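# coordinates only, sequence not included:
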């Protein structure tokens, strides 16, 4: 994972990391060990996470992002799973979610460059 490499030493010309569904823990087995290295990453990080992602319990990820301070930005997609599929009742299509994710990444990238 790129974040582990970035935690070991700065990566040339890398200005930030974007996580499309950070795999915080195995499916339905909450834990935070996989995030231990993030405190050593020196570049800004954008976490794109769905509320139904079984690989990242938001109750665990939110405090991690808070602890990382201004280097971490958490963008939550309601009813999205790890693949960013959303429930039909959300009224949003998967294509619209992907478009919004792309817009979010572009907007965030503009703030770090």
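Structure received. Note that the structure is predicted; figures quoted are calculated from it, not measured.
# okay, CA-based contacts and neighbour counts for the rest of this
Noted.
# which regions of the chain lie under the pLDDT threshold?
Counting by pLDDT under 70, the chain contains low-confidence ranges at 1.
# residue closest to the middle of it?
For the chain, residue 47 is the residue whose C-alpha lies nearest the centre (CA atoms, centre = their mean; 1.9 Å).
# what about stretch 28-35, how long is it end to end?
16 Å (CA to CA, to the nearest Å).
# cool, stretch 49-65 as well?
Stretch 49-65 has an end-to-end distance of 12 Å (criterion: CA to CA).
# Could you look up the SS state of the residue nearest to the centre of the chain?
At residue 47, secondary structure determined by DSSP: H, G, I helix; E, B strand; the rest coil is strand.
# In contact with it, which residues?
With CA atoms under 8 Å, 6 or more residues apart in numbering as the criterion, the residues that contact residue 47 are 18-22, 72-75.
# which of those count as buried?
Among those, the ones that count as buried by 16 or more other CA atoms under 10 Å are 18, 20-22, 72-74.
# picking up where we left off before, state the distance from the residue nearest to the centre of the chain to residue 91.
When distance is defined by CA to CA, residue 47 is 23 Å away from residue 91.
# What residues sit buried inside the top helix by length along the chain?
Ranked by residue count, the top helix of the chain under DSSP state H comes out as helix 94-112. Of the residues in helix 94-112, those scored as buried under the neighbour-count criterion (16+ other CA under 10 Å) are 94, 97, 101, 105, 108-109.
# Show me what that helix packs onto, helices and strands only.
Contact partners of helix 94-112 among helices and strands, from 3 or more CA pairs under 8 Å, 6 or more residues apart in numbering; DSSP states H and E: strand 45-50.
# helices and strands around the helix or strand just after the strand it packs on, which ones?
Note on strand 45-50: by DSSP states H and E, the next helix or strand toward the C-terminus is helix 58-68. Helices and strands touching helix 58-68, as assessed by 3+ CA pairs under 8 Å, 6+ apart, comprise strand 72-77.
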